[in-house]
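Undergrad: below are the sequence and a predicted model for it; my questions follow.
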Amino acid sequence: MSSPSPSPDLSKQPLRLGPESQGWIRFCIIAAVVGVLSAVAHLFLAVDGDKRFFLAYVVAYGFILSLSLGGLFFVMIQHLSRAGWSVVVRRPAELLAANMPVVALLFLPIAVSVAMGGGEIYPWAQPDSAAVEYAEEGTFRESLAGVEHLYLHQVLDGLTMEKRPYLNRPFFLLRWALFLALWMWMAHWFLKHSTLQDETGDHQLTVKQETWAGLLLLIYALTVSFGAWDLLMSVNPHWFSTIFGVYYFTGAVAGTLAVMILLLKFLQGRGYLNEVVTVEHYHDLGKFLFAFVFFWGYIAFSQYMLIWYAALPETTGWFTNRGATAVREEMNGWLWIAILLVVGHFVIPFVGLMSRHVKRNGGGLVFWAGWVLVFHWLDIYWVVMPEMGPAVVLGPMEIGLAVALSAVFAIGLIRRASKVNLVPTHDPRLADSIAFENL
Amino acid sequence: MQDAASHPTPHGQATAATEQASAAPFAMLAEFADVTSVVNAARKTREQGYVHFDVHSPLPIHGIDRAVGIRPTILPWLTLAGGLAGFFGGLFLVWWMNATMFSGVTTSLQGYPYLISGKPIFSLQANIPIIFETTILLAAFATVFGMFALNRLPMLYHPLFKSSRFSRVTSDRFFLVIEADDPKYDSRWTREFLEKLDPLSIEEVDD
């Protein structure tokens, strides 16, 4: 039962990344340096200051974190459902998840901003001494003209102080230490068992992963939900939405599936995994992508509709800051990004990915994967950056940091990937997966 | 398929009398013991130029579509049509019922504008869930009933039920069935061709 028996299809081709991956790393280093330089140049040349740098950093961070978390979800759900089709595409997801230590390291600037108490990212991170007294707050409110009252949450006012037991610096840092540790441990656990099986061929390792996937998925659901509230929702401490964790999760999985499709196509273009990953696997990844594009739209609308219906000032303010309002005087440029998201993150890829022929056509699927990935970034951008104010800000800062963090993420990914096989070579369902066909 | 109406009995015994009247063959059956041989037989039948033939199997066979040369189904288009009908039908429904008040319409068909928590009478935000549900409902109906219609279901009788061998198709036997209305069908030549495929048995079933 546990005797390793390599499949004949696998013996014909490279199972590990060759020395050419060093060239990819060099490319990523250059991209990271260019990205950081453009962001730093922007930081010194523009007048926006630290706040914009840190918010743009959170956008880029939310983006790369989502790719790791999405990979972890993909691995867990395949084990939970004992899926056979996905074995040949599971290793890239395991590697994306196991890249979590790089993501954890990149959390440091956010931790520093919170610990220093400047409140650049999170207004609640300011020390208690910065709190505005209620009477004072009233006069403050009166002194503001026009739409600026919408950004009152950026002062440490009474409403934010009410949330002190949760939104305080030590507890935030403690939570994130726990989240990152749990995510790193879970991702490491799955990759460790999977790569151990490459050597031993022990089927019990698969059984073990299937047994624990359910419980770990529960931990995953809770930590991702709380993590999304902490990282992205609390940039506006007045606002709350219990569905926000699911909103981030759906975008994360859609983005991850897009990255997996692009990674597999990239590797196949360079002679890896050919005849192992077939059009049937792309077809299924395409179905998954289609489903999560729709799921994102469904959740985004659910979040919006309830807030629209209840019309509570605490929760509508978040949408008003992001342009989504019917009050003409309070509309701003972010409305265009909001409309772009509805159309570009939902309507267009939903129609585009609907056909079976598109999902089975390599070029078509790559196009939509790239499309969804860009809009996934834009989604996080629209969640965070409107905290800068009513004017849309998009420049070398946002794009540079997104490129830089993605490049650092990619370097970690390539280094990790070059140490393991690109397919789980002794998975008991490997032969099923290679021979898999959609009915 | 007119037979479905004239032979309401599900199984063959009661139709012995009518069998005499219509002696025309319906199809030639070739029985196989395993997937590989039936798939090979199907491929050869297609290469031979037969078009009206089918494979019956107790389990789904990967790649049988290509072997038989089955054209892609139009069912997805029916689903899309149902979905679009549900979308626009639902949109019309909520607009008519929530936001219109036309003079001259009878009371039972009249719209009923109702102000809820100060929202506009016609607001997409509130209507999208209903439109979503009608879209899903009609898309699902179109898929299920479209599948029934394309498969000509419910079908209470089929000439193949006359063959006692064919009853094993739901447990352990695989059948290649060349129908008599195929332009190339000829009782003698088709039998000769099927014999070359080395089946367990060959049987001609009358209509």
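TA: Cool, got the structure. Residues are numbered from 1 along each chain as shown, chains lettered A, B, ... in the order given.
Undergrad: enumerate the residues of chain B near chain A.
TA: Residues of chain B lying close to chain A (C-beta under 8 Å from any C-beta of the partner chain) are B:60, B:62, B:63, B:76, B:80, B:117, B:118, B:119, B:125, B:126, B:128, B:129. Quick note: C-beta positions are derived from backbone N, CA and C, even for glycine.
Undergrad: what would the residues you listed look like in CSV with neighbour count, pLDDT and secondary structure?
TA: Output for the residues of chain B next to chain A, formatted as CSV (neighbours: other C-beta atoms under 10 Å in any protein chain shown; pLDDT from 0 to 100; DSSP: H, G, I helix; E, B strand; the rest coil):
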residue, neighbour count, pLDDT, secondary structure
B:60, 8, 90, coil
B:62, 14, 83, coil
B:63, 13, 82, coil
B:76, 14, 93, helix
B:80, 15, 95, helix
B:117, 8, 84, coil
B:118, 6, 86, coil
B:119, 14, 88, coil
B:125, 16, 90, helix
B:126, 18, 90, helix
B:128, 17, 94, helix
B:129, 14, 95, helix
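Undergrad: tell me the one of those nearest residue B:48?
TA: Within the residues of chain B next to chain A, the smallest distance to residue B:48 is 18.8 Å, found for residue B:63 (C-beta to C-beta).
Undergrad: looks like that closest one contacts residue A:437 (just checking).
TA: Yes: assessed by C-beta atoms under 8 Å, residue B:63 is found in contact with residue A:437 at 6.5 Å.
Undergrad: next helix or strand past the strand ranked longest in chain B?
TA: Longest strand in chain B by number of residues (criterion: DSSP state E): strand B:25-32. Following strand B:25-32 in sequence order, the next helix or strand is helix B:35-48 (DSSP states H and E).
Undergrad: pull the distance from that next one to the chain's centre.
TA: Remark: helix B:35-48 is offset 23 Å from the chain centroid, using C-alpha atoms, centre = their mean, to the nearest Å.
Undergrad: and it, which residues are buried?
TA: Using 16 or more other C-beta atoms under 10 Å in any protein chain shown as the test for burial, helix B:35-48 gives B:35, B:37, B:38, B:39, B:41, B:42, B:43, B:44, B:45, B:46, B:48.
Undergrad: helix, strand or coil for residue B:176?
TA: Assigned with DSSP: H, G, I helix; E, B strand; the rest coil, residue B:176 falls in the strand class.
Undergrad: tell me what the closest residue to it other than its chain neighbours is bridged to.
TA: In this structure, residue B:176 finds its nearest non-sequential neighbour in residue B:30, 4.5 Å apart by C-beta to C-beta, 6 or more residues apart in numbering or on different chains. Here residue B:30 sits in beta bridges with residue B:176, residue B:202, going by DSSP bridges.
Undergrad: which residues touch the residue in chain B positioned nearest to chain A?
TA: Distance from chain A to each residue of chain B (C-beta to the nearest C-beta) is smallest for residue B:62, at 4.4 Å. By C-beta atoms under 8 Å, 6 or more residues apart in numbering or on different chains, the contact list for residue B:62 reads A:435, A:437, A:439.
Undergrad: how about residue B:46?
TA: B:53, B:67, B:68, B:69.
Undergrad: hmm, residue B:43 and the first one touching each other?
TA: No: counting by C-beta under 8 Å, residue B:53 stays clear of residue B:43, with 11.4 Å between them.
Undergrad: excluding chain neighbours, what is closest to residue A:214?
TA: Spatial nearest neighbour of residue A:214, chain neighbours left out: residue A:80 (5.7 Å); criterion: C-beta to C-beta, 6+ apart.
Undergrad: mind checking pLDDT for that neighbour?
TA: If you check residue A:80, the pLDDT there is 97.
Undergrad: quick check: closest non-adjacent residue to residue A:178.
TA: The shortest distance from residue A:178 to any residue other than its chain neighbours is 7.7 Å, reached at residue A:223 (C-beta to C-beta, 6+ apart).
Undergrad: next up, the contacts around that neighbour.
TA: By C-beta under 8 Å, 6+ apart, the contact set of residue A:223 is A:178, A:179, A:182, A:183.
Undergrad: swap the cut-off to 7 Å and go again
TA: Residue A:223 makes contact with A:179, A:182, A:183, according to C-beta atoms under 7 Å, 6 or more residues apart in numbering or on different chains.
Undergrad: and stretch B:154-169, average pLDDT?
TA: On average, stretch B:154-169 scores 91.
Undergrad: list the buried residues in it.
TA: Buried, per 16+ other C-beta under 10 Å, within stretch B:154-169: B:157, B:158, B:159, B:160, B:161, B:162, B:163, B:165, B:166, B:169.
Undergrad: out of the residues you listed, who's nearest residue A:299?
TA: residue B:169 (45.6 Å).
Undergrad: quick one, phi psi at that closest one?
TA: The phi/psi pair for residue B:169 (degrees, to the nearest 10) reads phi -60, psi -20.
Undergrad: which non-adjacent residue is nearest the residue of chain B positioned farthest from its centre?
TA: The C-alpha centroid of chain B is most remote from residue B:118, which lies 49.4 Å away (C-alpha atoms, centre = their mean). Nearest non-adjacent residue to residue B:118, counting by C-beta to C-beta, 6+ apart: residue A:311, 7.8 Å away.
Undergrad: number of nearby residues for the one you found?
TA: Using other C-beta atoms under 10 Å in any protein chain shown, residue A:311 is surrounded by 11 other residues.
Undergrad: I'd like to know how far it sits from residue A:246.
TA: 22 Å (C-beta to C-beta, to the nearest Å).
Undergrad: same check, this time on residue A:278
TA: According to C-beta to C-beta, residue A:278 and residue A:246 sit 32 Å apart.
Undergrad: smallest gap between the stretch 1-150 of chain A and chain B, at which residue?
TA: Counting by C-beta to the nearest C-beta, the stretch 1-150 of chain A gets nearest chain B through residue A:85, at 12.1 Å.
Undergrad: so that residue sits against residue A:436, correct?
TA: Yes: using C-beta atoms under 7 Å, residue A:85 is in contact with residue A:436, at 4.5 Å.
Undergrad: give me the phi and psi angles of the residue sitting nearest the centre point of chain B.
TA: Centroid check for chain B by C-alpha atoms, centre = their mean gives residue B:151 as the closest residue, at 1.9 Å. Main-chain torsions, residue B:151, degrees, to the nearest 10: phi -90, psi 0.
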